[in-house]
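Asker: predicted model, plus sequence, below.
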Amino acid sequence: MADGGRRPALVDQHGRAKHKLRLSLTDRCNFRCRYCMPEEPRWIPKQQFLTRLELRSLVAEFVRLGIRNIRLTGGEPLLRPDLAGIVADLNALRPLGLERISMTTNGSRLAEALPELRRAGLDDLNISLDSVDPQRFRDMTGAELSPVMAGIDTALALGIPFKLNSVLVRGHNEQDILPLTAWSKERGMPLRFIEYMPLDAPGRWQADAVIGEPELLETLRTRYRVERLPRSEDPATLYTLDGDYRLGVISTISNPFCSSCDRLRLTVRGELYTCLFARQGTPLAPLLREGSPTELSSRIASAVWNKEAGYAAHRGPVERPITMHTLGG
């Protein structure tokens, strides 16, 4: 692999090297998931979005600094009309050291978009699926289940790797733990359950709405033999069910994985958030537009170095104007 002027990996003050960047392409979404979107969202003016050219230039700098994996997020990235072009632009950065282009999506527009995205260079997907019951899915997301299922079928047909992500919220979809697990297991689809995190509308998150990892495992053990696998740097702790199916649990609240965090986040207007729970971001767009690559590189490195320990050190909701749909999943 050509190094393309690649510099040493970004490292924070806690010794954690950063290799993954979550890149938000829009704050818009056609779903209204209760754990993500405020009831009355405040949209970023589209003229503040990074352009396709700006995205490529800024991501190229991150890749030179050591980022190897890009995950496209939103909002819903499939609402970005130039998405296929953006994927192609990122694909052209592989000689600099980029290894993987992924996307997190609600899947509702995936069936029609995925063939072109695959040709452009998309490697894999995370597809949100909070229930396989149409009514509960509608209650959770404000949307219909059938287009998501069509998107999953398309991913299967094209042979593109994907995982299913399910956020559990007490009082809304805890009854889906076993049906969703059985449905995914029967089809051989990787599933990850995610604890409800305090990243939605200010004041809405409540600790008693979280279904923690111990409770989730207790439910799974009513039907399956559950065995834990060795922990890796991945955010999900992996378990085997009956010895032949791997299921992941992302337990940010009950068992934070901050000590191994290797990811950064970039908003659609070019603000670098070094942690999902950071109280503020570092604006990079002005330096990019001024054409100051050396200062831009220094600003990124400084922001990463000063990254805090994470949620494990400061538990609870974060008071800030930016919410999950703007920050990116």
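Answerer: Received the coordinates, thanks.
Asker: show me where pLDDT drops low in the stretch 201-329 of the chain?
Answerer: Counting by pLDDT under 70, the ranges of the stretch 201-329 of the chain that qualify are 201-203, 256-257, 310-326, 328-329.
Asker: where exactly do the helices run in it?
Answerer: Per DSSP state H, counting those that start in this stretch, the stretch 201-329 of the chain carries helices over the ranges 213-220, 285-290, 293-305, 324-327.
Asker: out of these, which gets nearest to residue 51?
Answerer: helix 285-290 (10.0 Å; CB to CB). Heads up, the C-betas are built off the backbone N, CA and C, glycines and all.
Asker: most packed of the helices of the stretch 201-329 of the chain?
Answerer: With neighbours taken as mean count of other CB atoms under 10 Å, these reach their highest mean count in helix 324-327, at a mean of 24.
Asker: could the helices of the stretch 201-329 of the chain be laid out in a markdown table, adding distance to residue 146?
Answerer: Shown next, in a markdown table, are those (distance: least, CB to CB, whole Å):
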| stretch | distance to residue 146 |
| --- | --- |
| helix 213-220 | 27 |
| helix 285-290 | 39 |
| helix 293-305 | 42 |
| helix 324-327 | 23 |
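Asker: now the one helix or strand residue 56 maps to against helix 293-305, angle please.
Answerer: Using DSSP states H and E, residue 56 sits within helix 52-64. Between the axis of helix 52-64 and that of helix 293-305 there is an angle of 60 degrees, by axes from the mean of the first three to the mean of the last three CA atoms, to 10 degrees.
Asker: got the angle for the helix or strand following helix 52-64 vs helix 52-64?
Answerer: Moving toward the C-terminus from helix 52-64, the next helix or strand (DSSP H and E) is strand 69-73. With the same axes, to 10 degrees defining the directions, strand 69-73 sits at 140 degrees from helix 52-64.
Asker: how about the strands in this protein?
Answerer: When secondary structure is read from DSSP state E, the chain shows strands at 10-11, 17-18, 20-24, 69-73, 100-105, 124-128, 162-168, 191-195, 226-228, 237-241, 245-250, 263-266, 271-273, 282-283.
Asker: would you give the sheet partners of the fifth one, along with the direction of each?
Answerer: For strand 100-105, the paired strands and their directions (DSSP bridges) are strand 69-73 (parallel), strand 124-128 (parallel).
Asker: let me have the ones you listed in TSV, adding mean pLDDT and mean neighbour count as columns.
Answerer: TSV is the format used below for these (pLDDT from 0 to 100; neighbours: other CB atoms under 10 Å):
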stretch	mean pLDDT	mean neighbour count
strand 69-73	97	24
strand 124-128	97	20
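Asker: format these as TSV; extra columns: distance to residue 172.
Answerer: Output for these, formatted as TSV (distance: least, CB to CB, whole Å):
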stretch	distance to residue 172
strand 69-73	22
strand 124-128	14
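Asker: so which of those gets nearest residue 306?
Answerer: Proximity to residue 306, assessed across the strands paired with strand 100-105 by CB to CB, is greatest for strand 69-73 (22.4 Å).
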